[in-house]
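Novice: how would this look folded up:
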Amino acid sequence: MVLYKKNQMDKKIILSLSTVINGGAGNYALQNHRLLLNLGYDSYLIVKDKPVIETLNVIQYPDSKGKYIFSRMKRMIWRFILDKFDYNEKYFFYNKYEQINCYSASTILNLIPQIPDIIFINWVSGFINAKLIRELSRRTKAKIYILLIDNAPITGGCHYPWDCKGYEQECASCPAIRSKIIKNLAKGNLAYKKKFIPEGVTLIAPTQSDYLRVKASSLYKSAPCFKQLEIIDEERFKPSLSKSEMKRYFNIDENKKVVFFGATFLKEERKGMNQLLQALNFIKNEEFVLLIAGTADIGIISRDHKRVGYLTEEDLIKAYQAADLFVCPSLEDSGPLMINQSIMCGTPVVAFNMGSAMDLVLTGKTGYRAEFGNVVDLAKGIDFILSLNEEEYYRMATECRTLAINSFSTFVFEMNINLMLNSNNF
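Specialist: The predicted model follows:
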């Protein structure tokens, strides 16, 4: 297929790239694509992995095994070698192969009918690297935005740097790499990005903490960076007219307070599940039920609880609506998105002082922001929300919804997209 030139009406074309459209990162790329379509834009989303659902203008990158044989073999060899070394799991050092590209800018661009004006780079691990971004920029002259779904774009390979500041310099002595033989892998990856990332790229950070990391990074400290909280559709995520009815939906006594959280594996340190389980021992209020989503085995829970397993989006919304509070014990995250979702549903949040909690969880207004890692303070926050009287709780729930509408609703998304399309300085 031959690319068309920009049409005479100069209608803007938007291309989004993502490795997947499932999971947290993939769902976010898909949601933004759908919002763009709903706003009337010509939006295309190209994904590496096969889409699990059919959606307009979602296109899988063709699995052309006969192409780029040398690059594929090189990547396969490096994968075989690098995967044998020891890494610290908490850093999620997934981007080991940054310097090996198996995909083509021309193939990507031939999947859509026109040259894009804007390219959004979502979570693209194992798909799009710095050299490919430069080639896309060269061929299209499009404005390129990189969304920080996590911190991989600013590092030499890790998705979550924790307290490591290596990305501020050259990613030397990377704590994510335990094996001395490949100790310079992160340094080499970051140098590769510095060599190939084109000028004029704009970063979009979902939190103030990520924004500060971008501005401190050696790669993007001088690049424009825009802070935009992760968008939530206010028409789907909204307060229920009857919290009691939602509690009955989950077979919970409507007179009981509900504390909702999502369960992840105990070994995933960044999710803070161990801290939450410890905090449960310090909660003074006894009149509540834990509503636990997720299928992970987190051991025995001594408190009154109900496990509901994996939730569809529809049931996830019902869980927020049934809950009197959502507790998020995450310790390292570029979200989590569940904080945004809960607040959009008018459900207060208790969380540690990190990620999106620093922007959205305002103690006494939209929930309680506990001292980072302090399990006693986390329990104090849960007790605080549970102790609110009806009038105080209503005021807090209203504050949640108002903050969400004003900060990360689809209306805010539309305003920002219009700014991107109509301003050269955005």
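Novice: can you give me the helices in the stretch 201-350 of the chain?
Specialist: Using DSSP state H, counting those that start in this stretch, the helices of the stretch 201-350 of the chain run over residues 208-216, 243-249, 273-279, 313-322, 337-344.
Novice: Where does the prediction get shaky in this structure?
Specialist: Scanning the chain for pLDDT under 70 picks out the ranges 1-10, 52, 64-72, 74-75, 266, 300, 422-426.
Novice: if we can go back for a sec, figure out which of the helices of the stretch 201-350 of the chain is closest to C328.
Specialist: Across those, C328 has its closest neighbour in helix 337-344 (5.5 Å, Cβ to Cβ). C-beta: built from backbone N, CA, C; applies to glycine.
Novice: What lies in contact with that closest one?
Specialist: Helix 337-344 is contacted from outside by 24, 28, 229-230, 232, 234, 237-238, 260, 262, 316-317, 320, 323, 326, 328, 348-349, 351, 355-357, 360-361, 366-367, 400-401, 403-405, 408-409, using Cβ atoms under 8 Å, 6 or more residues apart in numbering.
Novice: circling back: could you dump the helices of the stretch 201-350 of the chain into JSON lines with distance to M73 added?
Specialist: Putting the helices of the stretch 201-350 of the chain into JSON lines (distance: least, Cβ to Cβ, whole Å) gives the following:
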{"stretch": "helix 208-216", "distance to M73": "35"}
{"stretch": "helix 243-249", "distance to M73": "53"}
{"stretch": "helix 273-279", "distance to M73": "40"}
{"stretch": "helix 313-322", "distance to M73": "40"}
{"stretch": "helix 337-344", "distance to M73": "37"}
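Novice: Mean neighbour count and distance to I292 added to the ones you listed, as a markdown table?
Specialist: Listed next are these as a markdown table, based on neighbours: other Cβ atoms under 10 Å; distance: least, Cβ to Cβ, whole Å:
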| stretch | mean neighbour count | distance to I292 |
| --- | --- | --- |
| helix 208-216 | 19 | 27 |
| helix 243-249 | 17 | 15 |
| helix 273-279 | 20 | 10 |
| helix 313-322 | 19 | 10 |
| helix 337-344 | 26 | 13 |
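Novice: for the residue sitting nearest the centre point of the chain, phi and psi?
Specialist: Geometric centre of the chain, nearest residue: I149, 4.0 Å, by Cα atoms, centre = their mean. Here is the backbone geometry of I149 (degrees, to the nearest 10): phi -70, psi -30.
Novice: distance of it from K187?
Specialist: Counting by Cβ to Cβ, to the nearest Å, the gap from I149 to K187 is 23 Å.
Novice: Kind regards, and thank you for your time.
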